[in-house]
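[1] What follows is a predicted structure for the sequence shown.
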Amino acid sequence: MVLSGFYTLYSIAVNDHLSWWSWEDVLEVFKNANINTVLVIVLPYAVSWLYFSYDDKKTRLRMMEQGLLPLPKGPTVAQFKDEKVEFRFSVAFEHIIFLEAADNYVVIKYVNQGKLSEFLLRNTLKRMSEEFKNTSLRRCHRSYMVNFEHVVALRRHNDEINLELDVPGLKQISVSKSYGNETTEAFLLYSGHK
């Protein structure tokens, strides 16, 4: 308003065809000055705000992917892509129980309306483990990735480690020796003890 008032006074003083005594001239110049001031001041600030907001979101997303920031809580969706990186299947992350390797395919086991369902995806478990790193879906065996939010017990007997899941009637998942330490850490992390 101050800038618009100053511009109005200056415009009337400089222009000979504008009169101080004509309220129509004063209001017309003041209205145009307000529009110009808004365009000159507000638009650059709005564009700057949008840019810095975008840059902040991009930085936060990169930090989440690197595991430097925790992933947001709440309903998240896992999107599964095939070997050609084409989207094939989507399911709420909390409903995924485990993934099982079957040659060049991955069987996604998930809960649908209280029943265990599955989806067959042409991809490898190695690619899936890279795609879902820093999530609760972790590899525990050459043939299995487990959603550790559904693991209720870790059983160690002699040299064998098995995971017990919270889905009734589901077999225990074996843990291979090469994934033993990672599996124990993931269990402790997602059971709230770490």
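    Arrived safely. Here the structure is a predicted model, which is why all the values come from computation and not from measurement. Numbers count the residues shown, from 1 in each chain.
[2] C-alpha from now on. contacts and neighbour counts both.
    OK.
[3] what helices or strands is the longest helix along the chain leaning on?
    Counting by DSSP state H, the longest helix found in the chain is helix 23-65. In terms of contacts (3 or more CA pairs under 8 Å, 6 or more residues apart in numbering; DSSP states H and E), helix 23-65 is packed against helix 2-14.
[4] now the angle between helix 23-65 and the helix it packs on, please.
    Interaxial angle, helix 2-14 versus helix 23-65 (axes from the mean of the first three to the mean of the last three CA atoms, to 10 degrees): 140 degrees.
[5] Give me the buried positions along helix 2-14.
    S4, G5, Y7, T8, S11, I12 (16 or more other CA atoms under 10 Å).
[6] same deal with stretch 112-121?
    Within stretch 112-121, the residues that qualify as buried by neighbour count (16+ other CA under 10 Å) are L116, E118, L120, L121.
[7] about what we covered before: return the alpha-carbon coordinates of the following helix or strand past the longest helix of the chain using PDB.
    Later in the chain than helix 23-65, the nearest helix or strand by DSSP states H and E is strand 77-81. Extracted C-alpha coordinates of strand 77-81, given in PDB (Å, rounded to 0.1, in the frame of the first residue of the first chain):
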ATOM      1  CA  VAL A  77       1.900 -48.200  -0.700                       C
ATOM      2  CA  ALA A  78       4.400 -50.600  -2.300                       C
ATOM      3  CA  GLN A  79       4.600 -50.500  -6.000                       C
ATOM      4  CA  PHE A  80       6.000 -53.500  -7.700                       C
ATOM      5  CA  LYS A  81       7.500 -53.300 -11.200                       C
END
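[8] roughly how far out does the next helix or strand after strand 77-81 sit from the chain middle?
    Heading C-terminal from strand 77-81, the first helix or strand you meet, by DSSP H and E, is strand 87-92. Averaging C-alpha positions (CA atoms, centre = their mean, to the nearest Å) puts strand 87-92 15 Å from its chain's average.
[9] Any chance you could list what contacts strand 87-92?
    Defining contact as CA atoms under 8 Å, 6 or more residues apart in numbering, one finds that strand 87-92 is touched by P75, T76, V77, A78, Q79, F80, K81, D82, F119, L121.
[10] Could you report the neighbour count for the fourth one?
    Same thing as A78. 15 (other CA atoms under 10 Å).
[11] if I read this right, it contacts F93, doesn't it?
    Yes: the pair A78 / F93 is scored as a contact, 5.3 Å apart, by CA atoms under 8 Å.
[12] Low-confidence ranges, the chain, go.
    Applying pLDDT under 70 to the chain picks out residues 16-21, 69-75, 192-194.
[13] now with 50?
    74-75, 193-194 (pLDDT under 50).
[14] Got the domain ranges for it?
    2-65, 77-190 (automatic domain parsing).
[15] what's the span of the longest one, first residue to last?
    Pointing back at domain 77-190 there. 18 Å (CA to CA, to the nearest Å).
[16] Could you do stretch 65-78 as well?
    Span of stretch 65-78 from end to end, CA to CA: 14 Å.
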